[in-house]
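Colleague: Can you look at this prediction? I've put the sequence above it.
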Amino acid sequence: MTARELHKQLPIWPYKQRIIDTVTGNRITVIIGETGSGKTTQIAQMLYEAGFASEGLIGVTQPRRVAALTVARRVAEEMNCEVGQEVGYRVRFEERTSRRTRIVYLTDGTLLREMLDDPELSAYSVIVLDEAHERSLNTDVLFGILKNLVKARKKPFKLILTSATLDSAKFSSYFDDCPVLNIPGRQYNVQIVHSEDNHENDYVAAAVDTALDIHLHQPPGDILVFLTGQAEIDKAVKQLGEAIAELPEGSCSDLLILPLYAAMPLELQARVFAPPPEGCRRLIVATNIAETSITVDGVVYVVDPGKVKQKTYTPATGMESLQVVPISRVQATQRAGRAGRVCDGKCYRLYTTGFFENEMSEATVPEIQRTNMLTAVLYLKGLPLDIDVLAFDYLDSPGSEALEDALRQLFILDALDRDGHISDLGKRMAALPLEPSLARSLVAAADHVCLPDALTVAAMLSAETIFSGNRGPVQLLRNETDARGKMGALSEQARATLAEMMAEGLGDHILMLRLFQGWERSGFSPKWCKDLGLDVRGMHFAREVRKQLADLLAHAGPKVLPEESVACAKTIASGTKDSREAKRKRPSAGVDDLRRALLVGFANRLARRMPRHNGYKTLNERATLAQLHPATARIAADEDGLMPEFVIYYALVATAKVFLNKVCPMESEWVEDVLPKLRNIDVERLSGGVTTRKAAKRAAIAGQVTETAAARDLPAGVP
Ligand code: ADP
Ligand code: MG
């Protein structure tokens with residue numbers, strides 16, 4: 001059967017007419033259906049066939065970049081066209097659409113950014129907010145904006161929310177009592193097997209053992225193992241491979257082990273969709289990506305250690321942590337369900353029934369309540385809707401503390417004026433697909449005429465992997481091999497090159513710059529990257545991002561840049577003079593202007609060294625003590641052996657200790673100019689004068705007891 005014939009057999013297909021009728025008769029529709037029922041790939045096609053794309057595009061958002069790419073590919077195949085024709089995609093730094101395009105898969109962040117230029121989304125007739133259950137930050141922000149747009153827009157506009165599991169009553173009432181369509185899945189029985197013990201630290205080993213046990217003793221059927229990240233998956237895949245190799249010939253059937261995670265190249269990811277060779281069992285070791293956003297057919301056994309990697313941001317300290325935490329019961333149920341798509345299946349939970357019942361929370365805390373709101377608030381402020389971010393109609397509010405933190409930081413970055421209105425600079429920043437600090441640095445660099453270097457740094461920081469095999473420059477210099485043991489130590493010459501770059505002693509951003517420049521001088525040679533332990537793909541991605549950013553700046557022109565920088569952006573975007581320019585410029589060319597531009601952009605992430613000490617204290621509201629991360633590229637100490645007094649950092653991370661991650665030293669006299677801006681920020685005025693703090697104060701004065709965080713923060717002496 002062709003892909004086209006196959007898709008008509010999906011559980012969603014019998015509901016085609018009901019879906020079309022409901023969407024026709026309502027502005028907003030919620031569609032709930034089991035993962036794999038065909039929501040992501042089919043709904044847009046149904047609407048297209050029913051003529052919904054005649055007046056505008058059908059846009060389908062995805063929280064994950066990779067999902068947008070793979071799904072667009074799949075749907076193009078089903079519709080017998082090339083990606084970029086009737087079906088296309090738009091994600092950050094990459095897009096493939098044309099005039100013929102009717103269906104666009106795009107990330108929720110991309111759609112948000114498109115709204116800055118076109119607040120009415122006039123190019124679209126339908127928006128499907130897909131994977132709504134994931135409750136990604138941008139999707140949550142879009143909930144509120146699109147809910148209003150549906151009412152306000154004159155040109156007809158349909159909003160559809162699709163989800164695997166959802167509190168449908170809560171959703172329907174938030175979306176003005178919209179109808180909810182339930183698509184019953186073809187779910188077989190899944191037998192749940194809990195383990196007798198909980199596996200806190202050894203869950204990877206337990207998962208490997210369980211998977212092997214299934215392979216040796218259970219009837220045919222693919223196995224899906226959930227782990228939390230790339231490093232863990234690589235490790236498990238290696239262990240599994242070794243264990244299988246040690247088994248005597250013929251003791252079990254063939255096993256094909258496939259890793260699956262977001263940072264993997266698309267071609268490799270595509271392997272999980274290819275049918276396995278005859279008589280061969282597949283074992284897929286995946287991140288959470290396989291929980292709902294990618295469906296792997298043929299899975300009969302699921303191994304669930306009950307863990308997920310979760311990023312949490314604490315507005316009070318500006319601290320980020322990436323921790324492995326227990327999943328919620330909703331997630332556990334979702335994972336188990338993956339085993340029952342083709343026949344009766346089994347789910348092995350590596351935790352006890354007691355843990356499931358008593359230790360796991362019912363549902364996952366939505367991202368909006370545990371993340372940095374900086375970018376989201378900049379977008380909200382960038383829309384010409386005069387949105388009061390504190391009083392905005394969120395499905396679940398991020399809370400005033402997180403919002404005030406974002407307002408304060410955006411003010412420090414000059415994106416907002418004292419009254420909390422977006423400034424011209426803020427508009428220029430919002431137009432760039434970068435986080436506000438990097439955007440601010442680029443704009444500052446344009447003014448300082450060091451745009452080419454700033455673009456390089458922004459691009460290198462945007463690439464997910466620069467170094468291959470989980471090693472950083474520090475480990476490489478120390479001659480460490482990578483976790484998988486595949487990549488050996490660097491050659492003497494390569495280490496000397498790296499050591500020379502590090503000798504400059506200006507930290508991570510500048511090392512990134514030097515690496516890129518070195519690669520440029522090599523004529524972008526893949527061998528040069530490999531020799532230095534760099535990830536060729538990651539470097540190419542950075543090069544592409546740099547070009548895209550330059551292109552974007554060149555097109556935005558004087559709206560974003562001063563005149564002379566526009567020409568410079570154009571040159572970089574065209575890619576012509578890059579290498580010649582690089583040859584002219586010696587690596588020792590000064591980077592003071594660049595560092596100053598970084599200081600402007602990262603003024604919200606400054607830290608000061610403690611007196612006579614090598615520890616740092618952040619210069620935000622609540623000073624937090626932190627150390628430079630051990631993987632920080634070398635920073636030169638002064639004559640007394642002390643580190644520079646001021647540094648900017650990319651992230652404040654809490655692991656075993658609190659660390660400043662990715663650091664660049666700053667000269668004290670430059671910082672003096674910035675410091676006054678950090679003091680005496682009137683958050684009340686920034687937030688339009690109606691903060692909870694004020695309300696709490698009023699309540700306190702009236703003798704009422706409030707329990708908000710703001711109330712606890714009231715200065716002593718308030719009655
Ligand atoms: P849902 O969004 O409801 O979870 P999808 O539309 O993503 O469902 O998937 C429907 C079916 O299409 C699944 O059986 C899935 O395996 C298949 N599918 C999805 N993407 C691809 C792909 N890139 N290649 C092959 N099959 C795919
Ligand atoms: Mg889906």
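Modeller: Great, that's in hand. Ligands and ions are numbered 1, 2, ... in the order given.
Colleague: and the helix or strand harbouring Tyr348, how far from the chain's centre?
Modeller: Taking DSSP states H and E as the definition, Tyr348 sits inside strand 345-349. Chain-centre distance of strand 345-349: 29 Å, with Cα atoms, centre = their mean, to the nearest Å.
Colleague: Listing partners with orientation, what would you give for it?
Modeller: Sheet pairing here is set by DSSP bridges, and for strand 345-349 it gives strand 190-194 (parallel), strand 299-304 (parallel).
Colleague: Among these, show me which one is buried the most.
Modeller: Neighbour counts (mean count of other Cβ atoms under 10 Å) averaged over each of these peak at strand 299-304, with a mean of 25. No exception for glycine: its C-beta is placed from N, CA and C like everyone else's.
Colleague: Show me what the following helix or strand past that one is packed against.
Modeller: Toward the C-terminal end, the helix or strand that comes next after strand 299-304 (DSSP H and E) is strand 307-314. Secondary-structure packing of strand 307-314 (3 or more Cβ pairs under 8 Å, 6 or more residues apart in numbering; DSSP states H and E): strand 319-326.
Colleague: any residues touching the strand holding Tyr348, and which ones?
Modeller: 188-195, 210, 214, 218, 221, 299-304, 306, 332, 335-336, 339, 356 (Cβ atoms under 8 Å, 6 or more residues apart in numbering).
Colleague: where are the low-confidence patches of the stretch 101-250 of the chain?
Modeller: When residues are selected by pLDDT under 70, those of the stretch 101-250 of the chain lie in 166.
Colleague: Of all the residues in it, which one is nearest ligand 1?
Modeller: Closest residue of the stretch 101-250 of the chain to ligand 1, Cβ to the nearest ligand atom: Ala164 (6.4 Å).
Colleague: Would you mind measuring from that residue to Arg608?
Modeller: Distance from Ala164 to Arg608, counting by Cβ to Cβ, to the nearest Å: 47 Å.
Colleague: Please, which helix or strand holds the closest residue to Glu82 other than its chain neighbours?
Modeller: Closest residue to Glu82 apart from its sequence neighbours, by Cβ to Cβ, 6 or more residues apart in numbering: Ala76 at 6.2 Å. Using DSSP H and E, the element containing Ala76 is helix 65-78.
Colleague: Now that helix - C-alpha only, PDB.
Modeller: Provided in PDB are the C-alpha atoms of helix 65-78 (Å, rounded to 0.1, in the frame of the first residue of the first chain):
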ATOM      1  CA  ARG A  65      11.300  21.800  15.500                       C
ATOM      2  CA  VAL A  66      12.000  18.200  14.400                       C
ATOM      3  CA  ALA A  67       8.400  17.300  14.500                       C
ATOM      4  CA  ALA A  68       7.600  20.100  12.100                       C
ATOM      5  CA  LEU A  69      10.200  18.800   9.700                       C
ATOM      6  CA  THR A  70       9.400  15.100   9.800                       C
ATOM      7  CA  VAL A  71       5.700  15.600   9.600                       C
ATOM      8  CA  ALA A  72       5.900  18.000   6.700                       C
ATOM      9  CA  ARG A  73       8.000  15.300   4.900                       C
ATOM     10  CA  ARG A  74       5.500  12.700   5.700                       C
ATOM     11  CA  VAL A  75       2.400  14.700   4.600                       C
ATOM     12  CA  ALA A  76       4.100  15.700   1.400                       C
ATOM     13  CA  GLU A  77       4.700  12.100   0.600                       C
ATOM     14  CA  GLU A  78       1.100  11.300   1.300                       C
END
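Colleague: Do it and ligand 1 come into contact?
Modeller: Yes - residues of helix 65-78 are located near ligand 1 by Cβ under 6 Å from any ligand atom, namely Thr70, Val71, Arg73, Arg74.
Colleague: Just the residues contacting the longest helix seen in the chain, thanks.
Modeller: With secondary structure taken from DSSP state H, the chain has its longest helix at helix 536-556. Helix 536-556 has contacts (Cβ under 8 Å, 6+ apart) with 93-94, 265, 428, 431-434, 442, 446, 451, 455-456, 458-460, 462-468, 516, 519, 524, 526, 529-530, 560-561, 565-566, 569-570, 572-573, 575.
Colleague: quick one: contacts for whichever residue of the chain sits closest to ligand 2?
Modeller: Residue nearest to ligand 2 within the chain: Thr40 (3.2 Å; Cβ to the ion). Contacts for Thr40 (Cβ under 8 Å, 6+ apart) come out as Val60, Gln62, Ala67, Val71, Asp130, Glu131, Thr162, Ser293.
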